[in-house]
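> Dropping the sequence and predicted coords here.
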Amino acid sequence: MNETITATSKPQAATETVFGVIVAISFCHLLNDMMQSLLPAIYPGLKAEFGLSFGQIGLVTLAYQVTASILQPLVGLYADKRPTPLALPGGTLFSLAGLAVLSAAHSYALVLLGASLLGVGSSVFHPESSRVARMAAGRRHGLAQSLFQVGGNAGQALGPLAAALVVVRWGQSSLAFFALLALLSGAVLWNVASWYRHHGLIRLKAGVRVSAVGRLAEVRAARGISILLALIFSKYVYLASLTSYFTFYLIHRFGVSVQNAQLHLFAFLAAVAMGTVAGGPLGDRFGRKYVIWFSILGCLPFTLLLPHVGLFWTGPLTIVIGLILASAFPAIVVFAQELVPGKVGMISGLFFGFSFGMGGLGAAVLGWLADLTSIETVYQLCAFLPAIGLLTALLPDIEQN
């Protein structure tokens, strides 16, 4: 980071893409989501130590993701009315506290508390950082969202790898070490907040004046938002089946070790990160509706095949699923922002929050279902979720910049 995000730099044109700011928030997204993803990465250890059922594991995910789901739209709505740049570095303190609690948790209640604190940290970071990505995007909104998102996906992939290399070896208390990353993130976000205050707000207002000219009728916009939320439901419930239970699936069905299962999860999440990079720029060039079509519906053949193959093909199939499915989110967020101009914070908070909430609710329901039937049954049923992508046909056609 350099002069592009300092208070003394001269004002930048609203059409210029400020890559220094985008890279900064993407890096912080990596740190944030790596800290957050340590939670599902330590589920096997928590299950063994506290004797938890799959349903109780699902409730831990629910505590984390629903906390973020409820608060994120509210944070975004508040930021639209009263921007608070310093909320970015301030929110990292909740993530630090959450990991500190989890590192010392000796009861299920404390695990739930630590998960909830992590959720509060995400509820501040995601909508505000997505607003910053929009501010810094210029005309390349899809690219900016993809670069922002890929930081988070990379962090989610590094979480299981860190757990396999560090937490599995040194135990739950080693989470305290990762909590220190929140301090690094806070320092970077302090610098981003300075740019936000002196340049970002002016750029965002200029972008609203341009986009408001093409405002859709409210009814069409509401219909489009509803369809996009249904697509988010299909995407994140399926992702919840992998991020929360894939290690258990591999251990139970194929008898692999915990470390081996974590490495398989890392490979899947790395594929998700790579898929995210492609989604935004492709949407900028070819239209976001086409990217959404391909991303949600395109992985259906692979999800239907996954429950019926052996260990050798399970890894490649999950990588393909991750690559295809991940490309949707940047396109969906930008599509929604263009449906409702001037409400970047609220829309970002709504979609990040809804994705967290559906992931948490999906994890809880799928955990209950796994206890009731089997972990294999979960994947057989979830295989049909991408068929919801057919709703993409009902999205309104809007001109992409």
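Received, thanks.

> looking at this protein, which helix or strand does the model trust least?
helix 201-211 (a mean of 59; mean pLDDT, DSSP states H and E).

> Quick check: what element follows that helix along the chain?
Scanning forward in sequence from helix 201-211 by DSSP states H and E, the next helix or strand is helix 218-254.

> Tell me the first helix or strand C-terminal of that next one.
The helix or strand immediately downstream of helix 218-254 is helix 258-286, counting by DSSP H and E.

> what's that following helix packed up against?
Using 3 or more Cβ pairs under 8 Å, 6 or more residues apart in numbering; DSSP states H and E as the contact definition, the elements that helix 258-286 packs against are helix 19-41, helix 141-162, helix 168-170, helix 218-254, helix 288-298, helix 311-326, helix 328-339. In this view, the C-beta of every residue, glycine as well, is placed from N, C-alpha and C.

> can I get the CA coordinates of the first one in PDB?
Just to be clear, that refers to helix 19-41. Presented in PDB, the C-alpha positions along helix 19-41 are these (Å, rounded to 0.1, in the frame of the first residue of the first chain):
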ATOM      1  CA  PHE A  19      -5.800  -1.500  -7.300                       C
ATOM      2  CA  GLY A  20      -3.800  -0.600  -4.200                       C
ATOM      3  CA  VAL A  21      -7.000  -0.300  -2.100                       C
ATOM      4  CA  ILE A  22      -8.600  -3.400  -3.700                       C
ATOM      5  CA  VAL A  23      -5.400  -5.500  -3.000                       C
ATOM      6  CA  ALA A  24      -5.400  -4.200   0.600                       C
ATOM      7  CA  ILE A  25      -9.000  -5.200   1.400                       C
ATOM      8  CA  SER A  26      -8.400  -8.500  -0.500                       C
ATOM      9  CA  PHE A  27      -5.400  -9.200   1.800                       C
ATOM     10  CA  CYS A  28      -7.500  -8.400   4.900                       C
ATOM     11  CA  HIS A  29     -10.300 -10.600   3.500                       C
ATOM     12  CA  LEU A  30      -7.700 -13.400   3.400                       C
ATOM     13  CA  LEU A  31      -6.700 -12.800   7.000                       C
ATOM     14  CA  ASN A  32     -10.300 -12.500   8.200                       C
ATOM     15  CA  ASP A  33     -11.600 -15.600   6.400                       C
ATOM     16  CA  MET A  34      -8.600 -17.700   7.300                       C
ATOM     17  CA  MET A  35      -9.300 -16.900  11.000                       C
ATOM     18  CA  GLN A  36     -13.000 -17.600  10.500                       C
ATOM     19  CA  SER A  37     -12.400 -20.900   8.600                       C
ATOM     20  CA  LEU A  38     -10.400 -22.300  11.500                       C
ATOM     21  CA  LEU A  39     -13.700 -22.900  13.200                       C
ATOM     22  CA  PRO A  40     -15.000 -25.700  10.800                       C
ATOM     23  CA  ALA A  41     -11.400 -26.900  10.400                       C
END
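
> Now do it against helix 141-162, angle only.
The directions of helix 19-41 and helix 141-162 differ by 40 degrees, with axes from the mean of the first three to the mean of the last three Cα atoms, to 10 degrees as the criterion.

> can you give me the angle helix 19-41 makes with helix 218-254?
Using the same axes, to 10 degrees, the interaxial angle of helix 19-41 with respect to helix 218-254 works out to 50 degrees.

> What residues of the helix or strand following helix 19-41 count as buried?
Reading on from helix 19-41 to the C-terminus, the next helix or strand found by DSSP H and E is helix 43-50. With burial defined by 16 or more other Cβ atoms under 10 Å, the residues of helix 43-50 counted as buried are 43-44, 46-47.

> now do stretch 130-142
Along stretch 130-142, the positions that meet the burial threshold by neighbour count (16+ other Cβ under 10 Å) are 130-138, 140-142.

> and of those residues, the nearest to Ser226?
Sorting the buried residues of stretch 130-142 by how near they are to Ser226, with Cβ to Cβ, puts Ser130 at the top with 20.1 Å.

> Which elements pack onto the helix or strand encompassing that closest one?
Counting by DSSP H and E, the element that carries Ser130 is helix 108-136. Contacting helix 108-136 under the criterion 3+ Cβ pairs under 8 Å, 6+ apart are the following elements: helix 19-41, helix 43-50, helix 54-81, helix 87-104, helix 141-162, helix 201-211, helix 344-372.

> Could you point out which of those helices sits nearest Gln262?
Minimum separation from Gln262 across the helices and strands packed on helix 108-136 (Cβ to Cβ) falls at helix 141-162, 4.6 Å.

> Give the rounded mean pLDDT of the closest one.
Within the predicted structure, the mean pLDDT of helix 141-162 is 80.

> Run through the neighbouring helices and strands of it.
Helices and strands in packing contact with helix 141-162 are listed as helix 19-41, helix 108-136, helix 258-286, helix 328-339; criterion 3+ Cβ pairs under 8 Å, 6+ apart.

> and the ones you listed, which is most packed in?
The highest mean neighbour count among these, using mean count of other Cβ atoms under 10 Å, belongs to helix 328-339: a mean of 27.

> hmm, who's touching it?
By Cβ atoms under 8 Å, 6 or more residues apart in numbering, the residues outside helix 328-339 that reach it are 130, 134, 141-142, 145-146, 148-149, 211, 216, 221, 224-225, 228, 231-232, 235, 276, 279-280, 282-283, 288-289, 291-292, 295-296, 343-344, 347-348, 350-351, 355, 395-396, 398, 400-401.

> Just the buried residues out of the residues you listed, in ChimeraX syntax.
Restricted to the buried members of the contacts of helix 328-339, where burial is judged by 16+ other Cβ under 10 Å, the ChimeraX selection command reads as follows:
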select :130,134,141,142,145,146,148,149,211,216,221,224,225,228,231,232,235,276,279,280,282,283,288,289,291,292,295,296,343,344,347,348,350,351,355,395,398,400,401
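
> residues contacting the residue positioned nearest the centre of the chain?
A centroid search over the chain (Cα atoms, centre = their mean) returns Gly152, at 6.3 Å, as the residue closest to the centre. Contacts for Gly152 were tallied using Cβ under 8 Å, 6+ apart; they are 29-30, 32-33.

> With distance to Leu181 added, can I get the residues you listed in TSV?
Listed next are the contacts of Gly152 as TSV, based on distance: Cβ to Cβ, whole Å:
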residue	distance to Leu181
His29	12
Leu30	10
Asn32	9
Asp33	11
